[in-house]
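In: I would like the atomic coordinates for the input below:
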Amino acid sequence: MSPHHRRALTLSMGLAALLYLGFVLFADREAVFAALRRVGLSVLVAIFTLSLVNYLLRFWRWQRYVAAFGHVLPWWRHFLYYLAGFTLTVTPGKAGEAIRSLYLHQHGVTYAQSLAALFVERLLDVLAMSLLALLILLARPDYAWLVAVAWVLTLGLGWLVTRPWLPEKLRVWGQGHRYGHQFGQLARLLDSAAVLLRPGYLLFGLSLGVLSWGLEGLSLYWIAQAVGVGVSLETGIGIYAIAVLAGALSFLPGGLGGTEAVMGVLLVAFGADGASAVAITLLCRIATLWFAVALGSVAMGVLSVGGRQRNPE
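Out: Residues are numbered from 1 along each chain as shown. Alright, predicted model coming up:
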């Protein structure tokens, strides 16, 4: 990890710690800790296991995407590359997830191909979250406007990037432009992405996205039940999906602040007191965001040690 990325990660973690401390103090520290103590070991094991299954499912999709470009890598090493991308999820612009491109380039995967896979992965995740967000309408039809906003933005973006004429338009716009090189790179990325947006790959990727992110929503539901907040399963999944979408639309690293705020507000709207909402939000984010960052750091460390062993000074 470069010094720049290390500083960005440290800054993001520091800001997150201050943010979470503020939530706890605002909601009554003792009440928050009392709510957290109601979560038993079996629930903790279950929610972290669901996160692991989420990562495995999404890696399966990623592996299929890379294979679609004609590249097959050793499973274990490829999985480490994938996990390493989580390390810098909470840095501005999620720049860290693109670190996979550096690892994969050593195996002949072009930057355009790996970045196209990342782009399509993110696009289908947003589509999957938008589908899961519909579940909240079963309990609160008055939240239709929230889901409508997510769908308008998602479908608008999805329609635009799948237009076959867009890459050529970008090349034309880039001619003689000071950012012409960047326009050209984006055009090549969309050319590669077109392979992964064919109906078969699109349906496979979207289905895996709905399943894997639905498991994260299940985690929120189990935490809420353990804390004593009686939300339904579909409501729990819907709350998680809307909160993550809100964090994505905030363009903050890892959705920090935006996701937590929306998740907490929605939990209160569905009957949780302030302390319970904060406790559920904190534990859910630890299991679904910070656990990934921790695993990514371990994977990057393993890859770094392996690289030094192969290339001794």
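
In: tally of neighbours for L245?
Out: 27 (other C-beta atoms under 10 Å). No exception for glycine: its C-beta is placed from N, CA and C like everyone else's.

In: do the same with the one 3 residues further on
Out: When neighbours are counted by other C-beta under 10 Å, A248 registers 21.

In: pull the helix or strand with minimum mean pLDDT from this structure.
Out: Every helix and strand of the chain was ranked by mean pLDDT, DSSP states H and E. The lowest is helix 3-27, at a mean of 65.

In: avg pLDDT for the next helix or strand after it?
Out: Using DSSP states H and E, the helix or strand that follows helix 3-27 towards the C-terminus is helix 29-37. Averaged over helix 29-37, pLDDT sits at 85.

In: Against which helices or strands is the helix or strand hosting L267 packed?
Out: Assigned by DSSP H and E, L267 belongs to helix 258-269. Counting contacts by 3 or more C-beta pairs under 8 Å, 6 or more residues apart in numbering; DSSP states H and E, helix 258-269 packs against helix 3-27, helix 233-249, helix 274-285.

In: What lies in contact with the last one?
Out: The contact list for helix 274-285 (C-beta atoms under 8 Å, 6 or more residues apart in numbering) reads 20, 23-24, 26-28, 31-36, 39, 47, 219-220, 223-224, 227-229, 240, 259-260, 263-265, 267-268, 272.

In: Now do that helix and helix 258-269, the angle between them.
Out: Interaxial angle, helix 274-285 versus helix 258-269 (axes from the mean of the first three to the mean of the last three C-alpha atoms, to 10 degrees): 140 degrees.

In: Show me which positions of helix 274-285 end up buried.
Out: For helix 274-285, a neighbour-count test (16 or more other C-beta atoms under 10 Å) marks 274-285 as buried.

In: could you measure the nearest residue to L303 once chain neighbours are set aside against F59, distance?
Out: In space, and not counting its chain neighbours, L303 is closest to L80: 5.5 Å by C-beta to C-beta, 6 or more residues apart in numbering. Distance of L80 to F59, given as C-beta to C-beta, to the nearest Å: 10 Å.

In: Do you have the helices of the chain handy? List them.
Out: For the chain, the helices defined by DSSP state H occupy 3-27, 29-37, 41-68, 75-84, 99-105, 111-133, 144-161, 166-174, 180-196, 199-227, 233-249, 258-269, 274-285, 291-310.

In: For the fifth one, buried residues please.
Out: Just to be clear, that refers to helix 99-105. Neighbour counts over helix 99-105 (16+ other C-beta under 10 Å) mark 99-101, 103-104 as buried.

In: okay if I get these as TSV plus distance to L138 and pLDDT?
Out: Putting those into TSV (distance: C-beta to C-beta, whole Å; pLDDT from 0 to 100) gives the following:
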residue	distance to L138	pLDDT
I99	39	81
R100	37	87
S101	40	87
Y103	42	91
L104	41	93
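
In: Most widely separated two among those?
Out: Pairwise distances across these peak at 9.7 Å for I99 and L104 (criterion: C-beta to C-beta).

In: sorry, back to before: which one of the buried residues of helix 274-285 is nearest to V53?
Out: Distance to V53, by C-beta to C-beta, is smallest for C284 among the buried residues of helix 274-285, at 15.7 Å.

In: From Y111, how far out is that closest one?
Out: According to C-beta to C-beta, C284 stands 34 Å off from Y111.

In: ok, for Y221, nearest residue in space, not its chain neighbours?
Out: Spatial nearest neighbour of Y221, excluding adjacent residues (C-beta to C-beta, 6+ apart): G236 at 3.0 Å.

In: What is the neighbour count of that neighbour?
Out: Neighbours of G236 under the rule other C-beta under 10 Å: 27.

In: tell me the contacts of G158?
Out: 123, 127.

In: Check the gap between it and V32 for me.
Out: Going from G158 to V32 by C-beta to C-beta gives 39 Å.

In: Now do the helix holding L267: distance to the chain's middle.
Out: Relative to the centre of its chain, helix 258-269 is centred 18 Å away, using C-alpha atoms, centre = their mean, to the nearest Å.

In: neighbouring contacts of it?
Out: Here helix 258-269 makes contact (C-beta under 8 Å, 6+ apart) with 19-20, 23, 136, 140, 220, 224, 229, 231, 239-240, 242-244, 246-247, 249-250, 252, 274, 276-278, 280-282, 284-285.

In: let's see 6 Å
Out: Identification of contacts with helix 258-269 by C-beta atoms under 6 Å, 6 or more residues apart in numbering yields 239, 243-244, 246-247, 250, 252, 277, 280-281.
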